[in-house]
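Novice: Below are the sequence and a predicted model; questions follow.
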Amino acid sequence: MLVSAKEMLTKAKSGKYAVGQFNINNLEWTKAILQTAQELNSPVILGVSEGAGKYMCGYTTVVGMVKGMIDELGITVPVALHLDHGSYEHAKKCIEAGFSSVMFDGSHYPIEENIEKTKELVQICNDLGLSLEAEVGAIGGEEDGVIGGGEVADPKECKMIADLGVTMLAAGIGNIHGKYPENWAGLSFDTLAAIQDLTGEMPLVLHGGTGIPADMIKKAISLGVSKINVNTECQLAFTAAVRGYIEEGKDLQGKGFDPRKVLAPGVEAIKATVKEKMELFGSVGKA
Ligand code: 13P
């Protein structure tokens, strides 16, 4: 069964750990993440960007695949199916399709407009028992064609959005999607502490989890981050493993060309990455 992310994140905030959001791209990705969560008895959030949703043939296909997998694989840990960086229109589409959680990313709007649109979605999500993530201050880097510049959110604006009754709040603290540049200044812990001071119990979300050093992740969790998004790192691990299989000529041996065999090392690499993150985030055994 799919669940809202509210309960798992409230528990994470009070228990001082974080739940991972791992973005999915296809069946292999979804299966690898769900099986790892089950093996480690960890709650998990499956992230779906608008682009990935389109790639997987639309949100109803994604809901069908994830629900089917939960049943067929006997997954009993809490799983939230979450729209990542959604527009207002796509948040509504995902709600209709049966997602249990959505992110409305209004960070590129003037704050008044972000507040207006977030407020409407709070109402809809509350009525349906779904979790809603909002965002203040664009997060840097490039994801599915959306580009930001490592921005830092205004804590007062964070408070304004948190007070609308959202479930969790993403705020830019110098984090970036994708790989971090050599000259990256690191996370702004002063900003994070100021946001946490003003927003209190609100679970905070750290996007751009790929490549953030372990000590910074731990410090961010100690300052109120309860959800950490990881996407690129699973992609890098998957592709490197599949490349290795082909470079070693394994696809040319026997039935090594079978796509299930070609993709298997990639699946194992995703599992290892997700395991490493769940251990670092502290969500193992917290289902
Ligand atoms: P990375 O791709 O940098 O891990 O970021 C993922 C993310 O924040 C998804 O919203």
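Specialist: Noted; the coordinates are in hand.
Novice: what does this structure have sitting close to the ligand?
Specialist: Residues of the chain lying close to the ligand by Cβ under 6 Å from any ligand atom are 23, 47, 84-85, 177-178, 207-210, 229-233. For glycine as for every other residue, the C-beta is placed from the backbone atoms N, C-alpha and C.
Novice: which of the residues you listed has the most neighbours?
Specialist: Comparing the residues of the chain next to the ligand by number of neighbours (other Cβ atoms under 10 Å), His207 comes first, having 30 neighbours.
Novice: ok, it - contacts?
Specialist: The neighbourhood of His207, defined by Cβ atoms under 8 Å, 6 or more residues apart in numbering, consists of 139, 170, 175, 177, 229.
Novice: how about the spatially closest residue to Leu236 that is not a sequence neighbour, what does it touch?
Specialist: Nearest non-adjacent residue to Leu236, counting by Cβ to Cβ, 6 or more residues apart in numbering: Thr210, 7.7 Å away. Counting by Cβ under 8 Å, 6+ apart, Thr210 makes contact with 177-180, 230-233, 236.
Novice: let's see it at 10 Å
Specialist: By Cβ atoms under 10 Å, 6 or more residues apart in numbering, Thr210 lies in contact with 141, 175-180, 229-236, 273, 277.
Novice: before we move on, what SS does Gly165 have?
Specialist: coil (DSSP: H, G, I helix; E, B strand; the rest coil).
Novice: let me fix that: Glu116
Specialist: Using three-state DSSP, the structure places Glu116 in helix.
Novice: Could you pull up the contacting residues of it?
Specialist: Residues in contact with Glu116, defined by Cβ under 10 Å, 6+ apart, are 88, 106, 109-110, 164.
Novice: Buried residues of stretch 236-256, list them for me.
Specialist: Within stretch 236-256, the residues that qualify as buried by neighbour count (16 or more other Cβ atoms under 10 Å) are 236-238, 241-242, 245, 251.
Novice: What lies in contact with the strand or helix carrying Thr61?
Specialist: Element membership for Thr61 (DSSP states H and E) is helix 59-72. Residues external to helix 59-72 that are found in contact with it (Cβ under 10 Å, 6+ apart): 1-2, 24, 26-27, 30-31, 33-35, 38, 46, 48, 50, 52-53, 55-58, 75-77, 79, 81, 83, 90, 93-100.
Novice: Selection in ChimeraX covering whichever of those residues are buried, please.
Specialist: Buried subset of these, written as a ChimeraX selection, criterion 16+ other Cβ under 10 Å:
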select :2,24,30,31,33,34,35,38,46,48,50,52,53,56,75,77,79,81,83,90,93,94,95,97,98,99,100
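Novice: Now, the contacts of helix 59-72 that are in helices?
Specialist: Using DSSP state H, the members of the contacts of helix 59-72 that fall within helices are 27, 30-31, 33-35, 38, 50, 52-53, 55, 90, 93-97.
Novice: all strands for the stretch 101-250 of the chain, in order.
Specialist: Along the stretch 101-250 of the chain, counting by DSSP state E, counting those that start in this stretch, strands occupy 101-104, 131-136, 140-143, 146-148, 168-171, 176-177, 204-206, 225-230.
Novice: Mind putting these into a markdown table with distance to Thr10 and mean pLDDT?
Specialist: Output for the strands of the stretch 101-250 of the chain, formatted as a markdown table (distance: least, Cβ to Cβ, whole Å; pLDDT from 0 to 100):
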| stretch | distance to Thr10 | mean pLDDT |
| --- | --- | --- |
| strand 101-104 | 13 | 98 |
| strand 131-136 | 10 | 96 |
| strand 140-143 | 27 | 58 |
| strand 146-148 | 28 | 50 |
| strand 168-171 | 10 | 96 |
| strand 176-177 | 26 | 89 |
| strand 204-206 | 13 | 98 |
| strand 225-230 | 8 | 98 |
